[in-house]
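Novice: Coordinates for the following, if possible.
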Amino acid sequence: MSQAKQIVGVEIKDLKTFPDDRGFFREVIRFNDPFFEADSKPSNFAQLSHSKMGKNTVKAWHYHHRQTDWWYCGIGVIHTVLFDLREESPTYQKKMEFLLGESQINPEAKALVVQIPPGVAHGCKVISDLAHLFYVTNETYNPEEEGRYPFNSDVVHHDWGQGEWIVAPKDRVAFEPTAGREKIR
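Specialist: Prediction:
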């Protein structure tokens, strides 16, 4: 899976892994990573979350008006898809897709941190037996700020492939966020 067209504001950090007989060490995020200084404004840390998901779980489409996410798949492999919803963006309606996670499970997967800016829809499908997604956000969770389109919405033209998907009820409905609309960058 290739990283299709780059989306403005999406930053990718390649991670260095230091393996030894015990396993490995990998530094994921530092406060002084360049993506925390976007547009000369520091992006504050607000929350670290962890999502454990089983094979064929699909979580999509989520987007935010204010919140920036930084995703890292520490265990397993997820098919990650990003779609630019920002009408003012030069990459409006562009899509990026790539495998995030362990290359030992799938050689196309990469150990990365991906910055997802406000206005970019994001989703994933677990392609390994199990996956652990860790994500940092610059705002604490506010259900009124997180917008959604159904995972199979025509807004984002994406085929999750064949199979029995595991999809939460909230990922089957649309929700227009009521908070933060004025803050989209």
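
Novice: Pull the number of nearby residues for Leu82.
Specialist: The number of residues packed near Leu82 is 28, by other C-beta atoms under 10 Å. (Each C-beta comes from the backbone N, C-alpha and C, glycine too.)

Novice: list the contacts for it?
Specialist: Ile7, Val10, Lys95, Met96, Glu97, Val114, Ile116, Val120, Ala121, His122 (C-beta atoms under 8 Å, 6 or more residues apart in numbering).

Novice: got those as a markdown table, with neighbour count columns?
Specialist: Below are the contacts of Leu82 laid out as a markdown table (neighbours: other C-beta atoms under 10 Å):
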| residue | neighbour count |
| --- | --- |
| Ile7 | 23 |
| Val10 | 19 |
| Lys95 | 16 |
| Met96 | 22 |
| Glu97 | 16 |
| Val114 | 22 |
| Ile116 | 25 |
| Val120 | 25 |
| Ala121 | 23 |
| His122 | 22 |
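
Novice: Please list the members of the residues you listed that lie in strands.
Specialist: Under the assignment DSSP state E, these contribute Lys95, Met96, Glu97, Val114, Ile116, Val120, Ala121, His122 to strands.

Novice: measure Gly123 to Phe18 for me?
Specialist: Between Gly123 and Phe18 the distance, using C-beta to C-beta, to the nearest Å, works out to 31 Å.

Novice: higher neighbour count, these two?
Specialist: Counted by other C-beta under 10 Å, Gly123 and Phe18 do not tie: Gly123 has more neighbours, with 25 against 9.

Novice: one step back: which among the contacts of Leu82 gets closest to Ser89?
Specialist: Distance to Ser89 across those (C-beta to C-beta) is lowest for Ile7, with 7.7 Å.

Novice: Which residues are in contact with the closest one?
Specialist: Residues near Ile7 by C-beta under 8 Å, 6+ apart: Leu82, Asp84, Ser89, Thr91, Lys94, Lys95, Met96, Val120.

Novice: Need those residues in JSON lines (columns: distance to Pro143 and pLDDT).
Specialist: Below are the contacts of Ile7 laid out as JSON lines (distance: C-beta to C-beta, whole Å; pLDDT from 0 to 100):
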{"residue": "Leu82", "distance to Pro143": "22", "pLDDT": "98"}
{"residue": "Asp84", "distance to Pro143": "23", "pLDDT": "97"}
{"residue": "Ser89", "distance to Pro143": "25", "pLDDT": "96"}
{"residue": "Thr91", "distance to Pro143": "28", "pLDDT": "97"}
{"residue": "Lys94", "distance to Pro143": "28", "pLDDT": "96"}
{"residue": "Lys95", "distance to Pro143": "26", "pLDDT": "96"}
{"residue": "Met96", "distance to Pro143": "26", "pLDDT": "97"}
{"residue": "Val120", "distance to Pro143": "19", "pLDDT": "98"}
